[in-house]
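>>> Have a look at this fold, sequence not included:
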């Protein structure tokens, strides 16, 4: 299922919300309409939280089915709360907005090449999956310009065929290019999604929604 929505009028809902196969986190002040859209489209319960006192949950956290990777700015209270739901990795790195800089599903992680090797090793040790550094279409903020689930991957429209092939092999899902929010290449920032559905910024066009449906195999 795909639904159109926004966060307080902002269509870049991936900046504010994050989800996996089992749950979603949204800002404490998320409107009821957005919470309802996420729960219905993704088939999960949405929990209202803050991370480091911030509303930009999706920028600060990356998740797969079992783990969350979170900014070092997260407090002990944040860690305790999140640990009630899944295993949490707090990364101490100069580049630590995990949602923007880490592309993650249950099979692999692609990480901003500016992150330290120590951070990459920390994630690989805990996640137990392949974790590599890389960029997409020349962008290091791979979580902002791509979105991956356990069924599909959509990428910045300037991602070339060789990159798509490599990403497909890494994440073990089909990969394609897309835009959302009326031509925005920042597809990761434009939606929250899992294998069951997606909630997409409400500026997205029918053509974009069709490509999203195909790209994430939301049939």
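Thanks, I have it. The model shown is predicted, which means the values in this text are computed figures rather than measured ones.
>>> which stretches of the chain aren't confidently modelled?
Applying pLDDT under 70 to the chain flags no residue at all.
>>> Could I get the full set of helices for it?
Ranges of helices in the chain, per DSSP state H, are 32-42, 57-60, 76-83, 98-101, 117-127, 142-145, 161-171, 206-215.
>>> wait, doesn't residue 147 sit right on residue 185?
No - using Cβ atoms under 8 Å as the test, residue 147 is too far from residue 185 to be in contact (12.0 Å). No exception for glycine: its C-beta is placed from N, CA and C like everyone else's.
>>> Contacts for stretch 117-125 next, please.
Residues from elsewhere that reach stretch 117-125, judged by Cβ atoms under 8 Å, 6 or more residues apart in numbering: 69, 89, 91-93, 102, 109, 111, 130-133.
>>> Return the subset of these lying in strands.
Residues of these located in strands (DSSP state E): 69, 89, 91, 102, 109, 111, 130-133.
>>> Just send those residues back as JSON lines, with neighbour count and distance to residue 164 too.
Formatted as JSON lines, the ones in strands among the contacts of stretch 117-125 follow (neighbours: other Cβ atoms under 10 Å; distance: Cβ to Cβ, whole Å):
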{"residue": "69", "neighbour count": "29", "distance to residue 164": "24"}
{"residue": "89", "neighbour count": "17", "distance to residue 164": "28"}
{"residue": "91", "neighbour count": "24", "distance to residue 164": "27"}
{"residue": "102", "neighbour count": "26", "distance to residue 164": "19"}
{"residue": "109", "neighbour count": "27", "distance to residue 164": "18"}
{"residue": "111", "neighbour count": "29", "distance to residue 164": "18"}
{"residue": "130", "neighbour count": "13", "distance to residue 164": "18"}
{"residue": "131", "neighbour count": "22", "distance to residue 164": "20"}
{"residue": "132", "neighbour count": "13", "distance to residue 164": "16"}
{"residue": "133", "neighbour count": "17", "distance to residue 164": "18"}
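>>> Widest-spaced pair of those residues?
The largest separation in the ones in strands among the contacts of stretch 117-125, counting by Cβ to Cβ, is between 91 and 130 at 17.3 Å.
>>> Next up, phi/psi of residue 134, please.
phi 180, psi 170 (degrees, to the nearest 10).
>>> Can you name the residues that contact it?
By Cβ under 8 Å, 6+ apart, the residues touching residue 134 are 110-111, 113, 142.
>>> Can you flag the buried ones in those residues?
For these, a burial check counting by 16 or more other Cβ atoms under 10 Å picks out 110-111, 142.
>>> Can you verify my assumption that residue 127 contacts residue 109?
Yes - between residue 127 and residue 109 there is a contact under Cβ under 8 Å: 6.4 Å.
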